[in-house]
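Chemist: how would this look folded up:
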Amino acid sequence: MHTSKQKPVMILVHEIYGINDHMKSMIDHFDKAGFEVYCPHLLGQAKHFPYASENEAYDYFMNKVGFDESVKIVLNVTKELKTKNAERDICLIGFSVGATIAWQCSQYDQLFTGVIGFYGSRIRDFLDMKPACNTLLFFSEVEASFNPREVANVLEKKEKLCVKIVKKQHGFANPDSTTFHAESKNRCFQEIDGFIKECLQKKNDS
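Modeler: Okay, here's the model as predicted:
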């Protein structure tokens, strides 16, 4: 997965629910893949929310946390790692609101080797942004609040960005979601593996 002596870093950005079983399984996945894994807790005093409390979790995130504060937390973790080793490869992956946070972070130059996002619905509010590093975004074809195809059409014109639309519903990559689709998740993670290897190779070649 990597050629440098120090492990590459993977920073995970969780959903509105916090660091739940899905995030713990992602931490385990990337740890086994050879990364040093970080998953910043964004919810402050709230530990995490069950899926049954979606409305409460959403209200808490939007009113007590928000995107600006979340981006700040992720950037602080990243900059601290870069201070210790400026050449460190750092990748970022986010899910749902975490994908929107990851998308916002991708605009900062010299920080990330690659950024990945799954079904970041609120990316539609940040379409003017341009990623400064190679970025891979997965959208589900079916979304209640917006038209993913329209968003993809705008995003696809940007450099350093690859957009994929998966013919499933929001949450298809989460085994704990009612919309989980194992084959689609596995296919996406194969693409992620190739994407990360390519990002790391480019960095090492430059």
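
Chemist: Could you list the buried residues of stretch 179-189?
Modeler: 180, 181, 184, 185, 188 (16 or more other C-beta atoms under 10 Å). C-beta coordinates here come from the backbone N, C-alpha and C atoms, glycine included.

Chemist: what's it in contact with?
Modeler: Stretch 179-189 is contacted from outside by 118, 138, 140, 164, 166-175, using C-beta atoms under 8 Å, 6 or more residues apart in numbering.

Chemist: Adding distance to residue 90, write those out as a markdown table.
Modeler: Compiled in a markdown table, the contacts of stretch 179-189 are given as follows (distance: C-beta to C-beta, whole Å):
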| residue | distance to residue 90 |
| --- | --- |
| 118 | 18 |
| 138 | 20 |
| 140 | 27 |
| 164 | 22 |
| 166 | 26 |
| 167 | 31 |
| 168 | 29 |
| 169 | 31 |
| 170 | 27 |
| 171 | 26 |
| 172 | 26 |
| 173 | 21 |
| 174 | 24 |
| 175 | 26 |
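
Chemist: just checking, residue 39 touches residue 15?
Modeler: No - using C-beta atoms under 8 Å, residue 39 is not in contact with residue 15; the gap is 11.4 Å.

Chemist: Those two: which has the busier surroundings?
Modeler: Shown here are residue 39 and residue 15; by other C-beta atoms under 10 Å, residue 15 has more neighbours (28 against 20).

Chemist: No further queries at this time; thank you.
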